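Student: With the sequence up front, the predicted model follows.
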Amino acid sequence: MSVESKIIQYLMENKITVSTAESCTGGMLASKFTAQAGISKIYQSGMITYSNEAKIKYLKVSPSTLKSQGAVSRQVCSQMCFNLHKITKSKMTFSTTGVAGPGGGTKGKPVGLVFIGICFDKNIYIEQLKFSPKLSRLQIQKATVKECFQLASDIIHGI
């Protein structure tokens, strides 16, 4: 059984509600959840907040943080998952933000730089990922989703 399947099964068995806020994965994480039969018992909502404006409007990300740190940052990822928790009241919320490529990277934030976040029981866990810029956009997105489930597994097994 895959890590994704194990985590979804655990969340369902323990009635842990889930919501997702995605940027670079564009709904792929939500799709992974909603592919599971019976997920409606725990999956509450998914937002694709691709633009800075959407992050501000729907997730209440601070405009000053976006300006000073950029959308692809630990701070924005943290605000995305924590604010989603406050908005939805889901027990576990996920967030993704990054540079999936093939363009859009800079020296400071190259293609393959991704931040993933989980807010669980009001604790925030953020991981910085650095994927090879040689990977395709789709490969980076899929790897990011996989890492979200791995982070959830690490958190759950740390309880």
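Tutor: Yep, that arrived. What you are looking at is a predicted structure, and each value in this text was computed from that prediction instead of being measured.

Student: now Gly104, what's its secondary structure?
Tutor: Secondary structure, DSSP: H, G, I helix; E, B strand; the rest coil: Gly104 is coil.

Student: Quick one: residues contacting the residue nearest the centre of the chain.
Tutor: Taking CA atoms, centre = their mean as the criterion, Ser95 is the residue nearest the geometric centre of the chain, at 2.4 Å. For Ser95, the residues meeting the contact criterion (CB atoms under 8 Å, 6 or more residues apart in numbering) are 20-23, 77-78, 80-81, 84, 115-119. Where C-beta positions appear, they are placed from N, C-alpha and C, glycine not excepted.

Student: now, which of those residues lie within helices?
Tutor: Secondary structure assignment (DSSP state H) places 77-78, 80-81, 84 from those within helices.

Student: Summarise which helices and strands the lengthiest helix in the chain is packed against.
Tutor: Assignment by DSSP H gives helix 137-157 as the longest helix of the chain. Based on contacts counted as 3 or more CB pairs under 8 Å, 6 or more residues apart in numbering; DSSP states H and E, the elements that helix 137-157 packs against are helix 3-13, helix 28-34, strand 92-98, strand 113-120, strand 123-130.

Student: which of the ones you listed sits most buried?
Tutor: strand 92-98 (a mean of 28; mean count of other CB atoms under 10 Å).

Student: pLDDT value on the most far-flung residue of the chain relative to its centre, please?
Tutor: Of all residues in the chain, the one whose C-alpha sits farthest from the chain's mean C-alpha position, using CA atoms, centre = their mean, is Lys107 at 23.3 Å. As summarised for this prediction, Lys107 has a pLDDT of 93.

Student: now Gly158
Tutor: pLDDT, the model's per-residue confidence, is 79 for Gly158.

Student: doesn't Leu129 make contact with Glu147?
Tutor: Yes - Glu147 is within contact range of Leu129, at 5.7 Å (criterion: CB atoms under 8 Å).

Student: Alright, I will stop here.
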